[in-house]
Structure formats: C-alpha cells, structure tokens
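# Sequence and predicted model, in that order:
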Amino acid sequence: MMNHIVVMGRLTRDPELRHTQAGTAVASFTVAVDRDYKNKETDKRETDFIDCVAWRSTGEFVSKYFAKGRMAVVEGRLQLRDWKDKEGNKRRSAEILVSSVYFGDSKPKDDGSAGDKPKAGKDDDFQLPEGFGTGGDSFAELADDDGDLPF
C-alpha cells in the first residue's frame, strides 16, 4: 500500500506555528492549487485549497521561510480526520501530513520593508557567474574525438 502526495501551489496565508505542551513545533498552512482543466460552464480554472500540517523542524522551516503568496512544493501523505463541530455534527477533513517542503519559485528580492519574512516575488537581481555558458577555460575539445556517438 502507498499513500504519497505531492502538490504545488501558493500559500493562502502565512504559516501558523504552534507548539504542543511537550514543546514540539507544528505549523499549519493552506496551499491553493489550480486544477489542470477549465470549468466548461465558466471557462475558468478552479482552485483547490489544501490544508497542510508540518511537524518539528519541517514546521519550523515552513514558518521561517514561507509566507502568503509564496509558491511551495509540498510532499507527504494524505490524512483524513474525523471530528465533531460545535453542533455535534460529524465532520471529516482531509489534509497533507507534510514530510518535506521545497521552494517553488525564485528567492524573493529584499525590498527593505519591516519584518523578517521573505515576500513572494521574482529575484530580478540574479546574474550568472562571469564566463558561464561561454565555453571558458573549463571546457576543451577532445584531441582524439572522431565525432561519432558511442550509441
């Protein structure tokens, strides 16, 4: 049996970091994931909002480096929870129990604003190292190469 899920989407809010009574860190966040197809009636893509729970160092990592609007690749297992609402009605929730989270976008540019959380956005200041992609000294023709492929 296998229970493995990977989704990529944007955080709908800043992660909420809490600690259990034993001091274990747990972060909760929601990822908005667009569907691959458009609704025939509205001609628009629908979005699923998927709850995620990350424990221990993974939760601390998400809380420290991710913020609302940031693209994330979330990997883990699907977990269903049964619970009762205030009126005593039985409810069921699906969430991802996160095993790892990856950045799905570029590192945001520091805009000098207050707060230590990175803001979502594209890093326009990124530049390739000098000589990258030009052949440079790191590549040289093989002297005994006849040009034939080995397969």
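Nice, thanks for sending it over.

# Just the buried positions in stretch 77-84, please.
Residues of stretch 77-84 include none that count as buried (16 or more other Cβ atoms under 10 Å). For every residue, glycine as well, the C-beta is placed using N, CA and C.

# Identify all contacting residues around that stretch.
Contact with stretch 77-84 is made by 3-5, 53, 90-97, 99, as judged by Cβ atoms under 8 Å, 6 or more residues apart in numbering.

# Which of the residues you listed has the largest number of neighbours?
Among the contacts of stretch 77-84, Ile96 has the most neighbours (other Cβ atoms under 10 Å), with 21 neighbours.

# related to what we said a few turns ago, is it possible to get JSON lines of the contacts of stretch 77-84 that adds pLDDT?
What follows is the contacts of stretch 77-84, written out as JSON lines (pLDDT from 0 to 100):
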{"residue": "Asn3", "pLDDT": "96"}
{"residue": "His4", "pLDDT": "97"}
{"residue": "Ile5", "pLDDT": "97"}
{"residue": "Val53", "pLDDT": "97"}
{"residue": "Lys90", "pLDDT": "95"}
{"residue": "Arg91", "pLDDT": "94"}
{"residue": "Arg92", "pLDDT": "95"}
{"residue": "Ser93", "pLDDT": "93"}
{"residue": "Ala94", "pLDDT": "95"}
{"residue": "Glu95", "pLDDT": "96"}
{"residue": "Ile96", "pLDDT": "97"}
{"residue": "Leu97", "pLDDT": "97"}
{"residue": "Ser99", "pLDDT": "96"}
